[in-house]
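1. Below: sequence and its predicted model.
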Amino acid sequence: MIKTRTLGTTGLSVSAIGIGCMGMSFAYGGAEEAESIRTLHRAVDLGVTMFDTAEVYGPYANEELLARAFRQLRGKLTIATKFGFKIGAQGQGMERVTGVDSRPQHVRAAVEGSLARLGVEKIDLLYQHRVDPAVPIEEVVGVMADLVREGKVLHLGLSEASADTLRRACAVHPIAALQSEYSLWSREVEDEVLPACRELGVGFVPYSPLGRGFLTGQLGSTEALAADDYRRGLPRFQDEALRANAALVARLEQLAAARGASAAQLALAWLLAQGEYIVPIPGVRRLANLEQNVGAAQLVLSAADVAAIGEAVPRGAVQGARYNQKEMGMVGL
């Protein structure tokens, strides 16, 4: 079974590795629901207790999927969900996202929607998905704290917020977790965000800890991706950048092979070694990938191992931005 870790100062205990459920309904091409549910159930069998979703995944379909998968396990798992995007009625996937909205009335409406779709009375961990520049974070966390007092939410989180925003949020109500992209090929949070989390006693939840699948070594080109796969539009996955980045993954694979592990396992173990307050949530749809990812929690890395892995994929070596220009404008606020 996987060891547990505690997020924040309010006692939120979860498995050291969680599951990002977005790809089961959103962004990476279609997935069979039966396979997704088998994977989710196997994750529980393996000791995973934290599952991450959001209203925008689908939109809405991912929360409904988790409700169907975990109908018999309500109250025994930690389900994290998120609000904060404007979701239009037209289009597919990200086409329906028209901006951000964290006005108090929208927060409340979003939470009521998530409660209904998840089929629960309380949301275990509620994140603001993206900071809304038009609404002070104090006001946003204020209404989130009201929802805690009303018994509709247990723990609060932010996503892709800056260290300054996190400090301001913590002055209003304890923040259990900050979720942002973090992996061997996205390390910007090491500058200010991770030190702020340690200072404030906030857990950190890295999403895309395997570089949207690239750090597994199984994605040498975009040819095998579905036509509507979100990664096709990301700068880091364009042909020239992809070829340059493949050399970094090859180094990671060499290190992993010497340790009897996969590149994915080594990348996750490296993240876990960055601090006990860190709980990565790799996205997964297939059983084989799930079991491999969970196995990373058993890898014990020495300080020399951690340094060697970091040197194999050094900061600044990855080619291409992690998001397009519009989405980059929504992070680090």
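-> Structure received.
2. contacts and neighbour counts: CA atoms only from here.
-> Noted.
3. Let me know how buried residue 43 is, in neighbour terms.
-> Neighbours of residue 43 under the rule other Cα atoms under 10 Å: 20.
4. Output the longest helix seen in the chain as CSV, nothing but the C-alphas.
-> When the chain is parsed with DSSP state H, its longest helix is helix 239-258. Below are the C-alpha coordinates for helix 239-258, written out as CSV (Å, rounded to 0.1, in the frame of the first residue of the first chain):
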residue,chain,number,x,y,z
ASP,A,239,8.1,18.9,-34.0
GLU,A,240,11.3,20.9,-33.5
ALA,A,241,10.8,21.2,-29.7
LEU,A,242,9.7,17.6,-29.5
ARG,A,243,12.9,16.3,-31.1
ALA,A,244,15.1,18.5,-28.9
ASN,A,245,13.3,17.4,-25.7
ALA,A,246,13.5,13.7,-26.7
ALA,A,247,17.2,13.8,-25.9
LEU,A,248,16.5,14.8,-22.4
VAL,A,249,14.1,12.0,-21.9
ALA,A,250,16.7,9.5,-23.3
ARG,A,251,19.0,10.5,-20.5
LEU,A,252,16.2,10.0,-17.9
GLU,A,253,15.6,6.5,-19.4
GLN,A,254,19.3,5.6,-19.0
LEU,A,255,19.2,6.5,-15.4
ALA,A,256,16.0,4.6,-14.8
ALA,A,257,17.2,1.5,-16.5
ALA,A,258,20.3,1.5,-14.2
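5. taking the mean pLDDT, what do you get for the helix or strand just after it?
-> Helices and strands here follow DSSP states H and E; after helix 239-258, the next one along the chain is helix 263-272. Average pLDDT, helix 263-272: 98.
6. How about stretch 145-154?
-> Here stretch 145-154 scores 98 as its mean pLDDT.
7. again with stretch 77-85
-> Per-residue pLDDT over stretch 77-85 has a mean of 98.
8. Which residues outside that stretch are in contact with it?
-> Residues outside stretch 77-85 that contact it (Cα atoms under 8 Å, 6 or more residues apart in numbering): 14, 49-56, 63, 97-102, 107, 110-111, 114, 123-132.
9. Which of these are buried, as a ChimeraX select command?
-> What follows is the ChimeraX syntax selecting those of the contacts of stretch 77-85 that are buried according to 16 or more other Cα atoms under 10 Å:
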select :14,49,50,51,52,53,54,55,56,63,97,100,101,102,107,110,111,114,123,124,125,126,127,128,129,130,131,132
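10. In helices, which of the contacts of stretch 77-85 appear?
-> 63, 107, 110, 111, 114.
11. what's the farthest-apart pair in the residues you listed?
-> Maximum pairwise distance in the ones in helices among the contacts of stretch 77-85, criterion Cα to Cα, is 16.4 Å, between 63 and 107.
12. What is the burial count for residue 190?
-> Counted with other Cα under 10 Å, residue 190 comes out at 12.
13. Spit out the contact partners of it.
-> Going by Cα under 8 Å, 6+ apart, residue 190 touches no other residue.
14. now swap in residue 250 and tell me
-> By Cα under 8 Å, 6+ apart, residue 250 lies in contact with residue 217.
15. how close does it sit to residue 5?
-> 31 Å (Cα to Cα, to the nearest Å).
16. again, but for residue 63
-> Distance from residue 63 to residue 5, by Cα to Cα: 24 Å.
17. Tell me who's in contact with residue 26.
-> Contact partners of residue 26, counting by Cα under 8 Å, 6+ apart, are 57, 58, 59, 62, 93.
18. Now do the phi/psi pair for it.
-> Backbone torsions of residue 26, given as degrees, to the nearest 10, read phi -160, psi 140.
19. do residue 78 as well
-> Dihedral angles (degrees, to the nearest 10) for residue 78: phi -100, psi 110.
20. From residue 29, how far out is the residue nearest to it when sequence neighbours are not counted?
-> Closest residue to residue 78 apart from its sequence neighbours, by Cα to Cα, 6 or more residues apart in numbering: residue 50 at 4.8 Å. Using Cα to Cα, residue 50 is found at 23 Å from residue 29.
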